[in-house]
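> When you get a sec, could you give me coordinates for this:
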Amino acid sequence: MPEAKMKTIGLIGGMSWESTAHYYRVLNQETAARLGGLHSAPLIVHSVDFAPIAAMQSAGEWDRAGEELNRVARGLEWAGADVLGLATNTMHVIADRVTEGVSIPFVHIADPTADALLADGYDTIGLLGTRFTMEMSFYTDRLKARGLTPLVPDVERTNLNGIIYEELCKGIIREESRRIYVNAIERLAQRGAQAVILGCTEIAMLVDDSVSPLPTFDTTDLHAKALISAALS
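Below you'll find the predicted structure:
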């Protein structure tokens, strides 16, 4: 029998390019692991300039950002993508706007994360991310709809957010910042968290199971693998 054809993944990246590089690696490693040989992922990446997007985030111009990313999503479909992924947690706040008028399937980053947590038997989980992901309800509501109880940091949200934008998005890894994240996870554990979501696509550059006091769930890794599953379905 002829081998099944893998669908083409359209990826909206660049937010930041550091995490998009991680996506590219996992997408291709996972394809090779599942299909063997010299297989790699059929992939179209539109990597945006993050500076104007970050400025829109800070200004609360979500409609404007949605319009821009919707244009990108439509372009990826026009270019031949069969499955769509948005390579950032924060911008899923406007996922409905991004996918408006787009007919190809969209894989939401929170869904494979929830699947993995539930499969491992966790229900009360810590959520780390940008201040938008931690303070707005778009992410926690989606987790709650799956029966999960998310907890977000209380006192150190500003520091955590600053580390993402001022360090990780620029490829800067500092041991002091790692300690800040580990301390935040320890406080989430004291409040009852059984595991922690690395709910910004850059956080895994800084924290993983080797340093975290709780099991970590890397949304970048989980999302990329879910995109491969969708492309092979």
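
> what's in contact with the helix or strand of the chain with the lowest mean pLDDT?
In the chain, the helix or strand scored least confidently by mean pLDDT, DSSP states H and E is helix 157-166, which has a mean of 85. For helix 157-166, contacts defined as CB atoms under 8 Å, 6 or more residues apart in numbering pick out 54, 128-131, 134-135, 153, 172, 174, 177, 180-181, 184, 200, 202-203, 206. From N, CA and C alone the C-beta is placed, and that goes for glycine too.

> and A65, backbone torsions?
Main-chain dihedrals, A65, degrees, to the nearest 10: phi -60, psi -40.

> now the helices for the chain?
Listed in chain order, the helices of the chain (DSSP state H) span 17-35, 50-59, 62-79, 95-98, 110-119, 131-135, 137-144, 157-166, 175-190, 219-232.

> Lowest mean pLDDT across those helices, which one is that?
Sorting these by mean pLDDT places helix 157-166 lowest, at a mean of 85.

> Can you give the domain ranges for this protein?
Following automatic domain parsing, one gets these domains for the chain: 9-108+221-232, 110-218.

> rewinding a little: pick the most deeply packed of the helices of the chain.
helix 219-232 (a mean of 23; mean count of other CB atoms under 10 Å).

> Point out the other helices and strands that it packs with.
Applying 3 or more CB pairs under 8 Å, 6 or more residues apart in numbering; DSSP states H and E, one finds that helix 219-232 contacts strand 9-13, helix 17-35, strand 83-86, strand 106-107, helix 110-119, strand 195-198.

> Switch these over to JSON lines; also include distance to L168.
Output for the helices and strands packed on helix 219-232, formatted as JSON lines (distance: least, CB to CB, whole Å):
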{"stretch": "strand 9-13", "distance to L168": "15"}
{"stretch": "helix 17-35", "distance to L168": "7"}
{"stretch": "strand 83-86", "distance to L168": "18"}
{"stretch": "strand 106-107", "distance to L168": "23"}
{"stretch": "helix 110-119", "distance to L168": "19"}
{"stretch": "strand 195-198", "distance to L168": "11"}
